[in-house]
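K.L.:
just a sequence and a predicted model for now, questions to come.
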Amino acid sequence: MSEQGLLIVVSGPSGAGKSTVISKVMSDDPSCVFSISATTRPPRGTEQNGVEYFFVDRERFESMIKSGELLEYAEYVGNYYGTPKAPVFESLNRGKNVIFDIEVQGAMQIKQKCPNAALIFIVPPSFSEIEKRLRGRHTDSESKILQRLETARSEYAQAINYDYIVINDDPQKAANEVKAIISAEKCRVEFRKKYVLEV
């Protein structure tokens, strides 16, 4: 019997190292696919359209909202981010585990619509590490860094609404914890009850 895939929502403050942890999980576990979000923010560095994000303008994004094409969306630091529905459900129906990298507001929308989703909040070992990592990127202005730090404080306050907290002091260790969470979630009764109900 093929099993339905699992929704895994990963959030955390900017600078927590979410992308690194997720990429390690993806390279270790071929059953996991990444949910590519749409965003109105411009690409950074070597980011490519359709790989890290679908980069769209504000008008197109607002059209997607109106037509109900998004599973969730939010405005974050002046830009829209959202998840197109269709590819997510296609992957789940093929038995793939879909990993989301989204902020808190979007995570809560998904939890409301998909109660079986596993919500994971990733943080560095200390809050001061966030500022260190943000400054180390050399991609943001001082005002943008301060804005991200303020946003991070409010995100920390929402962490208690998640199912799991993973401390990213070592990306491979954090990735191993995420993989363990996925394995445990897939063993929940709601995912496997068909194996006993058929008796």
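P.N.:
On my side now, so go ahead.
K.L.:
how many other residues sit next to residue 98?
P.N.:
Counted by other C-beta atoms under 10 Å, the residues lying close to residue 98 total 21. Bear in mind the C-beta positions are built from the backbone N, C-alpha and C, glycine included.
K.L.:
and it, what helix or strand is that in?
P.N.:
Element membership of residue 98 [criterion: DSSP states H and E] is strand 97-101.
K.L.:
quick one: contacts of the next helix-or-strand element following that strand?
P.N.:
Towards the C-terminus, the helix or strand next in line after strand 97-101, according to DSSP H and E, is helix 104-113. Around helix 104-113, the neighbours that count as contacts under C-beta atoms under 8 Å, 6 or more residues apart in numbering are 7, 9, 11, 71-74, 76, 81-83, 100, 102, 117, 119, 154-155, 158, 161-162.
K.L.:
and helix 104-113, average pLDDT?
P.N.:
Across helix 104-113, pLDDT averages out at 91.
K.L.:
would you list every one of the helices in this protein?
P.N.:
Using DSSP state H, the helices found in the chain span residues 18-28, 58-66, 85-93, 104-113, 127-137, 142-158, 171-186, 189-192, 194-197.
K.L.:
angle of the fourth one against helix 142-158?
P.N.:
The reference is to helix 104-113. Orientation check (axes from the mean of the first three to the mean of the last three C-alpha atoms, to 10 degrees): helix 104-113 against helix 142-158 gives 30 degrees.
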